[in-house]
Structures are given as C-alpha cells and as structure tokens.
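Peer 1: please find the sequence and the predicted model below.
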Amino acid sequence: MNRRIRPSFLRLFLIVLTIAALPLAADQASFDGHWQGKILTPGPGLEINVDLETADGALAGDISIPVQGLRDFSLSDVAADGRDVTFKIPGIPGEPTFAGTLSEDGAEIAGKFTQGGATFDFELARGDDPGALARDALVGFDAFLEQAVKDWNVPGLAIAVVAGGETVYARGFGWRDLEGQKPMTPDSLFAIGSTTKAMTATVLGMLVDEGKLDWDEPLTTYLPRFALADPVVSDRLTPRDLVTHRSGLPRHDLLWYNNNESTREEVIARLAHLELTADLRETFQYNNLMFMTAGYLAGHLAGTTWEELVRERLFTPLGMERSNFSVAASQQDADYALPYRENDDDALERIPLRNIDLVGPAGSVNSTVNEMSRWLLFNLRGGKVGERQLVGATTLADVHSPQMTTGATPERPEISQPTYGMGWMIDTYRGHRRVTHGGGIDGFVTSVMLLPDDDLGLVAFTNRGSGLPAIASQHAADRLLGLDPIDWSGEALARQAAGEEAAEEGEKKKEATRVTGTSPSHPLADYAGDYQHPGYGRLAIELDGESVRLLYNGIRAPLEHWHYDVWNGAETEDDPTFEDVKLLFRGDVDGQIASVEATLEARAQPIVFARQPPARLFDPEYLERFVGEYDLPGQRVRIELAGGVLKAILPGQPVYTLEPALSGRFTLAEVRVISVGFEQDAEGKVTKLVFYQPNGVFEAARAE
C-alpha cells in the first residue's frame, strides 16, 4: 500500500542535502601533498614544485625550482587559515612570498607571488607523489635486468634509482662472488673508478667557498714547486684546468698504473718530464694524473690528506659509512664484489683486485649503490644534506656546468655532443639535460647519471668490463621520463658482436708488419738490466730462460722477439697490460745496448728508458778497491774516492770525475771521449788502470 510522505520530513531531507553540498571549511591537512605548477612570469613562466606536510600540528614544506637548480628548499612562515595559505622562501633577496587559496575541490592552489615589489600570479595543481610515480614506472624493470645480466655475460649487477628526493629502487642481480655463489646486493662494495673525480672536484669547491682556493688562480700560487715540461704552461695552469682535462698533458697512465711504491708528491715531481701534446686549454685530453694533483692540492690546502678530506666533508655527513678509498679496505668488509673478465671461450674468470691508491683522487673510491644514492641526492639537492648546505649551490652548479668541449661526436641524434664540467660529462639525453660520468678499473664498470631538471639520479655497477651499467641506466631513465622505448641493450650487443668479429679478423693480420728471418743483434744477456726514464721511472729487462721479460711497476710481462732489435709483449694468462706493446732496443757507439723505447702514451713520442750502468759501480764499498796510485809512462795517476764518487788526479791537469758507464768502465765527465777501466786478477785484486782514448789504449800498472 502506498504511503504519503509528510511535508515536514521532506523539508528536513532537503535541508540535509543542501548542507552536504556546501563547501567544507579547510584545515591545515587539506594542503598536505605534492603540488606542481608555475609562477606566471612573462613568457613560459617559472615551473615550481611545492611539498606541504602537517607535522606536530604545524604546517611545513619545501619548494623546488628546477630551472634554477633549487631542490627541496625549506619554506618559512608556512601558515593556513581556512582555505588560505601563505609561505615564504627564506634567505632570498626581495622576500619572495606566496599567498594563495585552495580551490573548493581541494585540487588547486592559486594566488599571488610577490618579490621585491613585483607581483605575479601563481597556480599549483595537486600532483601524484613523484616517488610513487617512479616506482610505478619501474614495474617490470627487474625482468629486463635479469635478462640483461645473462645477455651481457656479467657475474653481477647492482643498480639504484633516486626520484622525488628518495631512493625508489635499489637491487642486486647475479653474483658478487661467482665461485662462492654469493649474491650481489645493493650493499655490495664496488670500485667506482673515475666517478670518484666528481667527489674530488666537489671538495675543491668547498675550499673555494671558504676562500682557500680560487679556481682561476695559477696553481703555483698554492703549489709553488709544481712544474710541467713547458714553463709557460706551468705558470698559467689553474686548479680549474686540473679538473677539466685541458692541461695539454695526455694520459701517461702507465706511470701510475700498478705503481704501489711512489708517493703522490714523487709522481707530481715527475710531471715535468712528461711530454705535453697540446697547449693549455687547446684540446680535451682525459688525464688521471691531473686529478691526482687536484686531490693532493685539496688535502694540502685543508692541512690533511685527500682521503680524510673526502671522508670528513662528504662520506660522514652523507652517511656513506662503508665507502672507502682502497680495495685493501674493501676486502675487510663482509660484502664486496670480486672482479672478472671474459676469456677467449666466453667463460668468466676472476682477476686480481687492482690497487690504485696512488692515483686515488682520480678513481680509488669503493662504494655501494645504496650509499651512492645519497651522493646522487646530494647533487640533485644543490649540495644540501637535510638542512645543511655542504657546498654552495652556485659552486656546485659551476661543477656541473660545461667547461671544456670534448670534440667527441654524438653517438646518435637522441644524445647531444658531450662537454666536460669538473669531474662530470654534460650532454642532452633525449631532450633532457644530463650530468653523467663513467668509471672503469680492472673488472669493474660504473655509471653515475643525473637528470637534474627531472629530479632523477641513477647509479649502476657491474663486476666485469661491459657497457651494461650505462645501458641499464638509460633504459630506466626512459621508463621514468615516459619516453618511447629504445632497445639500447640490443643495439649495443649487436655493435659489440660486430666489433669482436672485426677484432678477431684484425688479429689474424697483426704480423703483416713483421720482418721475418731476422735475429737480435746481441746475445740475450746483453739486453738485461735496469733502464730509467725521469718521468716513468724504472723498467727492468730480465732473462727468462730462452727469452727475456720486462718488469715495470710490479708487472712482469713475457717478451717475444719480433724482428731485429724489436721485442713484442707476448700473450699471457697473467697481467695483460703489455700484450702487443713493441719495445725497440738501441745501441751506442761502444756496441752496448744503451736504451729501450716504447710507445706507452699513444699521443706522445715513444718513451725512452736509458740503460743504467751496473749497480756495483755506485757502491762506495766496491769502489774503494780502485783507490790508489797507478804508473803511466812518465807520470803517476792517483785515484781517490770522494763523496762516493771516484776522482782521477794527474799532475798538471784538472781533477777528473769518473762516471759509471754501461761497459762497466768509467767515463771522464770532463772529457767524455775518454773512459777508464780497471783490471783485476783472479782474486779480485786490482792490478791495472786502463785509459781508453780515441787515439789508443793506455795502461797504467798499480804502484806497489
């Protein structure tokens, strides 16, 4: 049966509906969230991101202005009154202030922005949390990486991604220790190689902020004894030149490679003996030795070492507690990756960890992707950790800015020609500004990538030399930026396969320049000895059965006779550094093997190592046996030992200095065409002094 609704009930129902439709009064929590928009300045406007949050009953927030490099800058005077909200950017001239109103649906804030008397409209729209968006974009990324580890035949990979001010992805794949079947983790220590360089440049920037360093003052202002081969370059070179690869000095890497005996001070002193191949600031020439010098400079100015400075100024405030400066330190950790290489059968084999402590500021840091994530965030936040500004935002922006053209051609249209900043490469990646650097050292490869305008950072490691870290990072960046996918991995693997095939064909023809049917000009024993270069130091040639081998910086490499007096670095299962390096031995007018030369720096002339006389000729105890008097026809010669050096005294003539010679004799330093030898009997007693002159050989019996 139908019942009639009473009018009084109908009126009440309508009132309830009307009240429900009225806008609710806003409270502080209504403003919580991530807001994206712009200040409507003339032109396209100034894009901004604002994060607001209610905590302990108070509203707080931060602002990011990507184009100005401002990230998560804390706001002040944040206050809400109903739907109205105000906040300021502190410490900026003109007291920039926002005053806006929340829309009825709570989706937008619009109002006025004022600064220094100027007023502009601003508008913000509630946006999704960047971290959540990034995590969604990386759904399925695991499967790609698992397959990539197999495709690239690497033992393991670790990778981390930061977005929206947080680490949104950190994982390890494969093995950090293949034989021990120990899995890779985001906490596995890796050698990060040359991505260390950005850390060195950053601590130098901190010293710039403190007034202890000027990027553009001559380096000799701070290191008066610094010198390169060209004094004009030495006088003009600046700290900025050290960290931008424009000093004019090519790599000369073998000077430091595997060198565990020299100090940084000693190596810096050797720089004066290395060939420059360009004028200052003329050409980009990647140079680890200049970064080593930059790190030494930083420690010198701070009154400490580079290691302690980086630990104090970066690692400690960033919470990078396990990051260290030597593979020796990594081996004391419970979770570190081992390095591998691929042999001729495509099998993975473990190789030794390479100690590069000497050139540490250029590449000796070891870290994890979890700890490197903090380094990424620090750079994306303009040099801030929390509320603490470790390096000036302007200074860090300078470090991230182009300083030197590289001359490199673009890889493909989507990636622009790279320039170099200070420890960073800068290019445009598919329309997005990118600040990046790679690192590689004996079985480890690292890629560190920042997309500052997009608030994205990526770091990836592998424990076998490969292009996978950069490939994985680019694949992730494409997902995070919402770009159409490119098969970076497939393309790179195809190029690699083609390159390997070409290399195999080329190797078959490597003997095309070899002259057959020749033999060395001397017995093998004549090549053995110590050879010296004032920059590169000592190179030794040792007898090795029916052949010879070289010893340099602790690396022993077998040599095979190539042709005439040329020897070639033979294949070896040990350190392959000198494989296919050609060494040319040269003689002197006395028929002695006097030098060996090799092209150890591709851009420079061959490095010539001078053979050293027998070591016994420098031993005062050995030389003492020659002291005495000798009778020449009509005159007596006296041999004395002074300051560890033999002197010859002849009546009516100057005192002559006897310099050790390759022949085992001594050259008169003042008359170099004359040499002196001593003859000894079977018991080692010196019986005779012999002068070797162009016009004859003259003997003087020892006086009784």
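Peer 2: Looks like it came in fine.
Peer 1: the closest residue in space to D121 that isn't next to it in sequence: how many residues sit nearby?
Peer 2: Residue nearest to D121 in three dimensions, not counting chain neighbours: L40, with 4.5 Å by C-beta to C-beta, 6 or more residues apart in numbering. C-beta coordinates here come from the backbone N, C-alpha and C atoms, glycine included. L40: 15 surrounding residues under other C-beta atoms under 10 Å.
Peer 1: where does the protein have its least confident helix or strand?
Peer 2: helix 7-21 (a mean of 33; mean pLDDT, DSSP states H and E).
Peer 1: avg pLDDT for the helix or strand just after it?
Peer 2: Where DSSP states H and E defines the elements, the next helix or strand beyond helix 7-21 is strand 33-39. The average pLDDT for strand 33-39 rounds to 93.
Peer 1: so what strands line up beside strand 33-39?
Peer 2: Paired neighbours of strand 33-39 in the sheet (DSSP bridges): strand 46-55 (antiparallel), strand 118-127 (antiparallel).
Peer 1: residues contacting it, please?
Peer 2: Outside of strand 33-39, the residues within contact range by C-beta atoms under 8 Å, 6 or more residues apart in numbering are 44-52, 109, 113, 120-130, 164.
Peer 1: what are the C-alpha coordinates of that strand, in PDB please?
Peer 2: Written as PDB, here are the backbone C-alpha positions of strand 33-39 (Å, rounded to 0.1, in the frame of the first residue of the first chain):
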ATOM      1  CA  GLY A  33      50.700  16.700  -0.500                       C
ATOM      2  CA  HIS A  34      52.800  17.400  -3.600                       C
ATOM      3  CA  TRP A  35      51.900  20.400  -5.700                       C
ATOM      4  CA  GLN A  36      53.100  21.200  -9.200                       C
ATOM      5  CA  GLY A  37      52.700  24.400 -11.200                       C
ATOM      6  CA  LYS A  38      54.300  27.700 -12.100                       C
ATOM      7  CA  ILE A  39      54.800  31.300 -11.300                       C
END
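Peer 1: from memory G569 sits against W562, does it?
Peer 2: No - counting by C-beta atoms under 8 Å, G569 stays clear of W562, with 9.7 Å between them.
Peer 1: quickly list what's touching both of these two.
Peer 2: Common neighbours of G569 and W562 (criterion: C-beta under 8 Å, 6+ apart): K582.
Peer 1: thinking again about what came up before, of all the strands paired with strand 33-39, which lies closest to P534?
Peer 2: Ranking these by proximity to P534 (C-beta to C-beta) places strand 46-55 first, at 56.6 Å.
Peer 1: now that closest one: average pLDDT?
Peer 2: Mean predicted lDDT for strand 46-55 stands at 92.
Peer 1: off-centre distance for it?
Peer 2: When distances are taken as C-alpha atoms, centre = their mean, to the nearest Å, strand 46-55 is centred 36 Å away from the chain's centroid.
Peer 1: if you count neighbours, what's buried in the following helix or strand past it?
Peer 2: On the C-terminal side of strand 46-55, the closest following helix or strand by DSSP H and E is strand 58-65. Across strand 58-65, burial judged by 16 or more other C-beta atoms under 10 Å covers 59, 61-65.
Peer 1: so how far is stretch 645-659 off the chain centroid?
Peer 2: Mean-position distance between stretch 645-659 and its chain equals 53 Å (C-alpha atoms, centre = their mean).
Peer 1: just the endpoints, please. Distance across that stretch?
Peer 2: Using C-alpha to C-alpha, to the nearest Å, one end of stretch 645-659 lies 8 Å from the other.
Peer 1: what strand or helix carries E308?
Peer 2: When elements are assigned from DSSP H and E, E308 belongs to helix 306-310.
Peer 1: returning to that earlier point: out of the contacts of strand 33-39, which are buried?
Peer 2: Among those, those buried by neighbour count (16+ other C-beta under 10 Å) are 46, 48-52, 109, 113, 122-124, 126-127, 130, 164.
Peer 1: now for these: which two are most distant?
Peer 2: Spatially, the most separated pair among the buried ones among the contacts of strand 33-39 is F113 and G164, at 23.2 Å (C-beta to C-beta).
Peer 1: for the residue nearest to R479 when sequence neighbours are not counted, what are phi and psi?
Peer 2: Closest residue to R479 apart from its sequence neighbours, by C-beta to C-beta, 6+ apart: A137 at 4.6 Å. Backbone geometry at A137, expressed as degrees, to the nearest 10, gives phi -70, psi -20.
Peer 1: number of nearby residues for A137?
Peer 2: Using other C-beta under 10 Å, A137 has 19 neighbouring residues.
Peer 1: just S521 next, same as before
Peer 2: 13.
Peer 1: check what pLDDT it gets.
Peer 2: We note a pLDDT of 96 for S521 in this prediction.
Peer 1: residue ranges with poor pLDDT in the protein?
Peer 2: 1-28 (pLDDT under 70).
Peer 1: circling back to that earlier point, may I ask you to confirm that the residue nearest to D121 is in contact with E123?
Peer 2: Yes - using C-beta under 8 Å, L40 is in contact with E123, at 7.0 Å.
Peer 1: what residues are up against G535?
Peer 2: 252, 255, 270-274, 607.
Peer 1: any chance of these in TSV, with neighbour count and secondary structure too?
Peer 2: Below are those laid out as TSV (neighbours: other C-beta atoms under 10 Å; DSSP: H, G, I helix; E, B strand; the rest coil):
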residue	neighbour count	secondary structure
H252	24	coil
L255	25	helix
R270	18	helix
L271	22	helix
A272	16	helix
H273	16	helix
L274	22	coil
I607	21	strand
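Peer 1: relative to N258, how far out is W567?
Peer 2: 20 Å (C-beta to C-beta, to the nearest Å).
Peer 1: tell me which of the two has more neighbours.
Peer 2: More crowded of W567 and N258, by other C-beta under 10 Å: W567, with 26 against 17.
Peer 1: was I right to think the more buried one contacts L559?
Peer 2: Yes - between W567 and L559 there is a contact under C-beta under 8 Å: 4.3 Å.
Peer 1: what touches both of the two?
Peer 2: By the contact definition C-beta under 8 Å, 6+ apart, W567 and L559 are jointly contacted by 548, 583.
Peer 1: which of the three states applies to P224?
Peer 2: Three-state call for P224 (DSSP: H, G, I helix; E, B strand; the rest coil): coil.
Peer 1: ok, P469 next?
Peer 2: Secondary structure, three-state DSSP: P469 is helix.
Peer 1: any idea which element E146 lies in?
Peer 2: Per DSSP H and E: helix 141-151 holds E146.
Peer 1: beyond that helix, next helix or strand please.
Peer 2: Proceeding N to C from helix 141-151, the next assigned helix or strand is strand 156-163, under DSSP H and E.
Peer 1: what helices or strands is the helix or strand that that next one is followed by leaning on?
Peer 2: With elements assigned by DSSP H and E, the helix or strand that comes after strand 156-163 is strand 166-177. Secondary-structure packing of strand 166-177 (3 or more C-beta pairs under 8 Å, 6 or more residues apart in numbering; DSSP states H and E): helix 130-137, helix 141-151, strand 156-163, strand 182-183, helix 369-380.
Peer 1: strands of the stretch 601-704 of the chain, start to end?
Peer 2: 607-611, 628-632, 635-642, 645-649, 656-660, 666-668, 671-680, 686-693, 696-702 (DSSP state E, counting those that start in this stretch).
Peer 1: swap in the stretch 451-600 of the chain?
Peer 2: Remark: strands assigned in the stretch 451-600 of the chain by DSSP E, counting those that start in this stretch are 456-462, 529-533, 537-544, 547-552, 555-563, 566-569, 582-587, 593-598.
Peer 1: what would these look like in CSV with distance to W306?
Peer 2: CSV is the format used below for those (distance: least, C-beta to C-beta, whole Å):
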stretch, distance to W306
strand 456-462, 22
strand 529-533, 26
strand 537-544, 22
strand 547-552, 26
strand 555-563, 25
strand 566-569, 33
strand 582-587, 35
strand 593-598, 31
